[in-house]
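Asker: test case, fold it:
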Amino acid sequence: MKKILVVDDKPSMSQLMVRFLQTSFEVTTKDDGLQAISWLQSGNIPDIILTDLQMPNMDGIELIKRIKESGYFNDIPIIVLSSQESSNTRVECLKLGAEDYIMKPFNPEELMIRIERLIK
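Answerer: As a prediction, the model looks like this:
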């Protein structure tokens, strides 16, 4: 079963993602970028990472930078799920290496299609 790492500091969003994705994927959740990096460095390699941007300790922008600068994790696709509507923020995430940027609230079916396209 393919693995997804969901990085979001809001428990309600993480629980929603788990409920929606667990039928097709093994889902792990982390509350911020620091926890996500630690989990990755412990030898866990997901097939895709879904991350929010606004989180404590290490935000999504810094998480994307760290992952894409890493020799080990830089090929893991990243989808940003954010309520930030700024075009500049979207462009920054894509320039840093995120494969996709989806606005919250989002259509779960659309998210599933985008995930499946990235992990084929």
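
Asker: contacts and neighbour counts: CA atoms only from here.
Answerer: Noted.

Asker: thought Met103 was touching Ser86?
Answerer: No. Applying CA atoms under 8 Å, one finds Met103 not in contact with Ser86, separated by 10.2 Å.

Asker: who's more crowded, the two?
Answerer: Met103 (13 against 9; other CA atoms under 10 Å).

Asker: the more buried one pairs with what?
Answerer: Ser82 (DSSP bridges).

Asker: residues contacting it?
Answerer: Neighbouring residues of Met103 by CA atoms under 8 Å, 6 or more residues apart in numbering: Leu81, Ser82, Ser83, Gln84, Glu85.

Asker: one more time with 10 Å
Answerer: Listed by CA atoms under 10 Å, 6 or more residues apart in numbering, the contact partners of Met103 are Val80, Leu81, Ser82, Ser83, Gln84, Glu85, Arg90.

Asker: pull the most distant pair out of those residues.
Answerer: Val80 and Glu85 (12.0 Å; CA to CA).

Asker: compare those two (neighbour count), which wins?
Answerer: The neighbour comparison of Val80 against Glu85 (other CA under 10 Å) goes to Val80, with 24 against 11.

Asker: would a markdown table of the contacts of Met103 with pLDDT and distance to Leu111 be doable?
Answerer: Rendered in a markdown table, the data for the contacts of Met103 read as follows (pLDDT from 0 to 100; distance: CA to CA, whole Å):
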| residue | pLDDT | distance to Leu111 |
| --- | --- | --- |
| Val80 | 98 | 11 |
| Leu81 | 97 | 9 |
| Ser82 | 95 | 13 |
| Ser83 | 93 | 15 |
| Gln84 | 91 | 17 |
| Glu85 | 88 | 17 |
| Arg90 | 96 | 16 |
